[in-house]
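1. test case, fold it:
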Amino acid sequence: MDANPTQANGADNQPRREMPQLTVQQAVRLFIENLSELQKAGLPVVRSLRITQQMAYNLELASVLGQVSNDVEGGDSLAEALKKHPIFDPITVAMFRAGEVGGVLDIAINSLCELMIAKEKAAKTPVPFHTTADARLLAVQLGALIQVGTPMLSAIELAKQGTSPEMQAVLELVRNGVRDGEGFVWSIENAGGSHLFGPVFMACVAVGDEAGKLDVVLKNFSQRS
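-> Numbering: from 1, shown residues only. Now for the predicted structure:
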């Protein structure tokens, strides 16, 4: 007697599990976290990209990563390939570029992971006394950019992303001041932005700027609750 077709092909008749779909933002974070681990393990960039494409959990990101992989394989730097796609914001692209230029791509990607976590934490925890949420976002982003070797003027310009119009106007004046040779803290004061950052921030950053450890001070300050 012939076997029951349903029983014989039972595996084929089982309902297939669909991959859970993440939002673009969630998927990008997962991509960066996975890429960080693969780079720490020493895998070549293109191979790492192919692997993360299979683990994207978002159809749009998976398609983009396929294009990025092809572009890198074709000779583009990773930052150049990512820049072609709006799914990656300017800060992400800048962090990758700094890592590639400095030969510390694995460190830059890890710093980017820390930046994303810090931004999420900053959004959920109370803002330090006399400091605005805008200032803490500046501290998070600026510290990460400087840490991986992004030039100061570029870092200040990129740090404006996601801040209020008032903060963006202040940072533009700060950037101009730094460009003209003023210290970072002095530029903030001249831009009339001291009230946005608060006295504790200004004092800490002044010390960090003088000691050449501005990135460390900014990172520590951004993690305060």
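2. can you tell me how far V217 is from A203?
-> Distance of V217 to A203, given as Cβ to Cβ, to the nearest Å: 10 Å. (Glycine included, C-beta is placed from N, CA and C.)
3. so between these two, which is more surrounded?
-> The neighbour count for V217 versus A203, taken as other Cβ atoms under 10 Å, is higher for V217 (19 against 11).
4. pLDDT at the more buried one, what is it?
-> In this model, V217 is scored at 85, pLDDT.
5. so what's it up against?
-> Counting by Cβ atoms under 8 Å, 6 or more residues apart in numbering, V217 makes contact with G143, C204, V205, V207, G208, D209.
6. now E100
-> Neighbouring residues of E100 by Cβ under 8 Å, 6+ apart: S77, L78, A79, A108.
7. out of those, who's the most crowded?
-> A108 (28 neighbours).
8. mind giving me the domain ranges of this protein?
-> Described in terms of automatic domain parsing, the domain architecture of the chain consists of the residue ranges 20-88, 109-225.
9. redo those domains as a markdown table? Include distance to E100.
-> Formatted as a markdown table, the entries for the domains of the chain read as follows, by distance: least, Cβ to Cβ, whole Å:
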| stretch | distance to E100 |
| --- | --- |
| domain 20-88 | 5 |
| domain 109-225 | 10 |
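10. per-residue confidence averaged over the strand or helix carrying S63?
-> When secondary structure is defined by DSSP states H and E, S63 falls within helix 59-73. Taken as a whole, helix 59-73 has an average pLDDT of 96.
11. roughly how far is that helix from the heart of the chain?
-> Mean C-alpha position of helix 59-73 versus that of the full chain (Cα atoms, centre = their mean, to the nearest Å) differs by 18 Å.
12. same check, this time on stretch 94-104
-> Centroid separation between stretch 94-104 and its chain, computed with Cα atoms, centre = their mean, is 12 Å.
13. likewise for stretch 82-97?
-> Between the mean C-alpha position of stretch 82-97 and that of its chain there is a distance of 9 Å (Cα atoms, centre = their mean).
14. now the end-to-end length of it.
-> The first and last residues of stretch 82-97 sit 10 Å apart, counting by Cα to Cα, to the nearest Å.
15. quick one, what contacts V101?
-> Residues in contact with V101 (Cβ under 8 Å, 6+ apart) are G149.
16. distance of it relative to L43?
-> V101 sits 21 Å away from L43 when distances are taken as Cβ to Cβ.
17. what's the answer for L158, then?
-> Separation of L158 from L43 (Cβ to Cβ) stands at 28 Å.
18. higher neighbour count, these two?
-> Looking at L158 and L43 with other Cβ under 10 Å, you find the greater number of neighbours at L158, namely 21 against 15.
19. buried set for the helix ranked longest in the chain?
-> Ranked by number of residues, the top helix in the chain under DSSP state H is helix 105-124. Going by neighbour count (16 or more other Cβ atoms under 10 Å), the buried part of helix 105-124 is 105-116, 118-119, 122.
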